[in-house]
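S.K.: Have a look at this prediction, sequence included:
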Amino acid sequence: MRLTLRTLLAYLDDVLEPSETKLIGQKIQESAVAGKLISLIRLVVRQRRLKAPSVSGPNIGIDPNVVAQYLDNTLPAEQVVEVEKVLLTSDELLAEVASCHQVLALVMGKPVEVSAASRERLYALGPVAKSEQLRVEEVPSTDSALAAAASRDAERVNGSPRPQAHKPPEIPEYLRQSSWGQRVVPTVVVALLVVVCAGLLYLDPSLMPALRQVKRERNSEKSGQPASPEAVTSITTKTVESSPSIPAVALNSNPSGDQNPPQQAVVSPDLTVDLPAPADAPELPAVGTKVKPSTPVIASNGADAPTDASVVLKGTLSPVPGAPIPNPPPVGNDQPTAVKSPSFVQYISSDGVALRLDEPKQHWFQLPRKSMVQLGEMLAVPEPFEAQVDFDHGAILATVIGGSNLRILNPNRVTGSGLDIHRGQMLLRSAHKDLPPNCALTITVGRDSWVLEFLSPDTICTIEISPREPVQFEKPFDANWYLGVLRVVSGSVKWTSPDGQAQQVAAQFALEISPQQAAPGVKSSPISSPFNPDWTDPMKRKQSPLRAKSPVFEKQFELDQPVEQTLQSLIKDPHAKVSELAIRNLGLIEAYPELVQALAECEYEEGRFAAREGIRAWLGRNAERGTLLKAVLDLHFPIPADASAAYILLWGFRPEDGSNRATSIELVTWLKSNNVAIRELAFFWIAQLSNRKWEYRAVGMQAHRDAAVRKIEAHVLKDGALVKPGAKDLPTPKPE
């Protein structure tokens with residue numbers, strides 16, 4: 001059996017005989033082209049941004065009838081080759097043909113089940129009369145049309161009309177286009193109803209005073225003045241009277257006829273009214289103690305309240321006599337005072353792209369500009385953009401650099417909010433001239449938390465968190481998975497560790513952020529750092545090579561489109577930098593299946609390097625991720641030897657592995673692989689372990705690669721390994 005495109009489709013859809021399946025599977029393992037073609041078919045079928053192929057016009061591609069014959073395996077052999085050439089040059093046509101073959105395989109492979117009830121109902125209908133059958137008239141040819149026109153002219157001259165032919169069936173009512181009146185009248189009726197309802201609300205005399213009263217009360221709360229008892233009573237009265245679900249109550253009633261009637265309120269079970277106690281009120285009962293009906297209760301005006309009222313602390317009226325009253329939390333001198341949470345956290349950038357994670361859908365979406373950020377929400381800023389985040393009206397401004405992934409924390413008893421940083425870089429500063437009170441943030445990385453407090457209004461500091469890449473097979477870092485540093489550019493900050501130890505960091509100093517869970521009790525000290533990284537300079541960020549592609553890259557994002565799908569579709573973008581940016585940001589959101597796909601299928605070495613870095617940064621967190629990676633590698637590397645090699649190379653090697661002869665020979669052997677991703681990974685580690693420059697390029701010509709491999713093999717045979725065993729100073733791996 002020949003290894004053709006149609007044979008591969010039949011192999012993928014499992015419609016071949018067992019013997020044929022085994023034979024085709026062996027041929028696929030022997031052919032690298034077949035493996036790439038299978039990956040291409042799987043990619044285009046899953047790709048959602050492909051357009052449907054044209055069925056008419058000059059860009060039709062292949063006639064649908066020819067495609068049908070190709071799928072039915074009835075096309076002549078000489079035409080099969082031409083059809084497959086066209087299919088391999090168009091992702092749209094290849095996806096259409098592969099999908100059709102898959103659907104046909106499912107339909108033809110499994111018989112259609114018709115229920116007994118449906119079968120009996122069809123039989124009960126009986127034959128259809130000819131008069132009721134749908135008849136489609138044939139379109140007359142040109143000669144017959146001329147003859148029919150001549151006969152009609154003759155009829156008009158002779159005055160003897162012929163019998164009318166059968167009229168074609170008319171268009172059903174539900175398919176006819178609705179008239180202007182049918183479209184406009186419902187809209188006008190709805191608009192009139194809305195206007196009438198708005199007018200009734202506006203003319204209600206009790207609505208506007210109540211709204212003005214509520215506005216005055218809110219203004220008084222903002223200015224710090226307590227609301228007056230009259231205002232509280234007025235608002236409560238209007239609320240109770242206007243709510244249809246609350247039973248009738250008596251407020252400020254005077255059954256005894258006294259001039260100074262007692263204030264009383266009987267409320268429904270879902271309403272609680274707080275009445276301020278007078279200055280000369282006697283001592284109230286203990287917290288959570290209910291007053292017995294026989295005990296006289298002091299009302300807000302000093303008179304005796306009715307004996308059927310139930311009172312709790314601060315004059316709160318219990319709706320149901322005998323109902324349990326929850327005890328509020330005790331207030332003691334040793335309890336820390338909770339800081340008021342920030343009124344809002346807002347994304348204030350006017351350009352660029354920021355992403356938010358939709359937790360229920362488990363998809364990333366673009367965050368609208370100038371929008372509020374919910375506490376507890378995950379944010380990511382893709383490269384090469386940056387985002388401005390405002391905490392509490394400029395109390396703290398955070399500039400989040402592209403390539404950062406973080407979560408906005410909920411407020412706690414110490415700070416108003418905070419940042420849970422997964423990776424990235426950010427600048428923090430206060431926008432107020434006078435330092436606001438409690439100007440602090442909770443900084444969390446992994447399972448460790450600190451408190452960062454600004455000590456002066458001109459303070460500017462930076463935080464950088466980088467995930468560590470693994471350097472040993474199936475040895476994750478667990479709690480020790482990150483490296484971090486805090487730098488103070490100007491002003492000073494106080495850095496408080498989880499155990500309560502505080503350190504003051506002054507300007508031009510840096511402090512290492514080390515995992516506390518991995519090394520408890522280890523305390524780092526600030527060190528002098530007069531030079532700041534380039535990413536802290538706005539001008540240098542604008543001059544970044546990737547920043548030039550930001551306008552083109554920004555146009556690819558849509559507010560209602562999942563970001564993973566957008567970035568996945570850009571893996572094969574014709575622009576190498578756009579493809580590299582897409583793959584970098586797949587690593588940012590930890591989309592590891594798409595990263596493995598990019599490693600196996602991207603045409604540019606920059607994109608494959610970005611996929612390698614993204615996978616390794618994600619892989620080192622815990623051991624479970626190794627199992628996930630192995631399963632995805634088996635899907636995108638059809639040859640098992642390539643999938644196994646990629647798995648080992650992505651975990652990495654220690655410096656001492658360079659002096660191991662078996663490891664060195666295995667790395668050199670992988671330089672001869674037919675898969676370019678395997679060759680690149682192997683050479684990356686050879687360069688790292690040997691700390692030497694070799695004249696080898698994984699994408700170079702075969703002859704040049706073979707010559708370079710012979711030199712590396714000679715070096716290994718001479719020294720016994722990439723690094724001569726017994727050398728005193730082993731090379732330290734350097735980043736590429």
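M.R.: Nice, thanks for sending it over. Numbers count the residues shown, from 1 in each chain.
S.K.: does R423 sit in a helix, a strand or a coil?
M.R.: With DSSP: H, G, I helix; E, B strand; the rest coil as the basis, R423 sits in strand.
S.K.: now do the one 4 residues further on
M.R.: Secondary structure state of L427, per three-state DSSP, is strand.
S.K.: do the same with K494
M.R.: K494 ends up strand, using three-state DSSP.
S.K.: doesn't L511 make contact with it?
M.R.: No. Look at K494 against L511 with C-beta atoms under 8 Å: they stay out of range, at 11.1 Å. Every residue, glycine included, has its C-beta placed from N, CA and C.
S.K.: Relative to R547, how far out is P638?
M.R.: Taking C-beta to C-beta, to the nearest Å as the measure, P638 falls 38 Å from R547.
S.K.: okay, these two: which has more neighbours?
M.R.: P638 (21 against 16; other C-beta atoms under 10 Å).
S.K.: show me what contacts that one?
M.R.: Neighbour list for P638: 28-29, 34-35, 38-39 [criterion: C-beta atoms under 8 Å, 6 or more residues apart in numbering].
S.K.: Recalculate using a threshold of 7 Å.
M.R.: 28, 35, 38 (C-beta atoms under 7 Å, 6 or more residues apart in numbering).
S.K.: count of residues packed around the second one?
M.R.: Meaning G35. For G35, the neighbour count with other C-beta under 10 Å is 20.
S.K.: Quick check: pLDDT value at it.
M.R.: What the model reports for G35 is a pLDDT of 80.
S.K.: Could you verify my assumption that it touches P640?
M.R.: No. Applying C-beta atoms under 7 Å, one finds G35 not in contact with P640, separated by 11.0 Å.
S.K.: Grab the nearest non-local neighbour of L409.
M.R.: The shortest distance from L409 to any non-neighbouring residue, by C-beta to C-beta, 6 or more residues apart in numbering, is to G418 (3.7 Å).
S.K.: give me phi/psi at that neighbour?
M.R.: Torsion angles at G418 (phi, psi; degrees, to the nearest 10) stand at phi -170, psi -180.
S.K.: Quick check: it vs V445, distance?
M.R.: Following C-beta to C-beta, the distance that separates G418 from V445 is 11 Å.
S.K.: Now name the helix or strand holding L717.
M.R.: L717 belongs to helix 702-719 when assigned by DSSP states H and E.
S.K.: was I right about R447 contacting N480?
M.R.: No. R447 lies out of contact with N480 (C-beta under 7 Å); the separation is 10.7 Å.
S.K.: List the buried residues of the longest helix along the chain.
M.R.: Counting by DSSP state H, the longest helix found in the chain is helix 180-203. Across helix 180-203, burial judged by 16 or more other C-beta atoms under 10 Å covers no residue at all.
S.K.: so what are the domain limits for the chain?
M.R.: Per the record, the chain has its domains at 5-108, 264-323, 345-541, 555-719, by automatic domain parsing.
S.K.: Could you tell me the least trusted of these?
M.R.: Per-stretch mean pLDDT for the domains of the chain is lowest at domain 264-323 (a mean of 39).
S.K.: and the residue nearest to L409, bridged to which residues?
M.R.: L409, T442 (DSSP bridges).
S.K.: Contact partners for it?
M.R.: 409, 441-444.
S.K.: Pull the most distant pair out of these.
M.R.: L441 and T444 (9.9 Å; C-beta to C-beta).
S.K.: okay, the two: which has more neighbours?
M.R.: Using other C-beta under 10 Å, the more surrounded residue of L441 and T444 is L441, with 23 against 18.
S.K.: how near is the more buried one to G416?
M.R.: Counting by C-beta to C-beta, the gap from L441 to G416 is 8 Å.
S.K.: was I right about P526 contacting Q508?
M.R.: No. The pair P526 and Q508 does not pass the contact test of C-beta under 7 Å, sitting 9.9 Å apart.
S.K.: What is the neighbour count of K433?
M.R.: 7.
S.K.: For it, which non-adjacent residue is spatially closest?
M.R.: P457 (6.0 Å).
S.K.: quick one, phi psi at E512?
M.R.: According to degrees, to the nearest 10, E512 has phi -70, psi 130.
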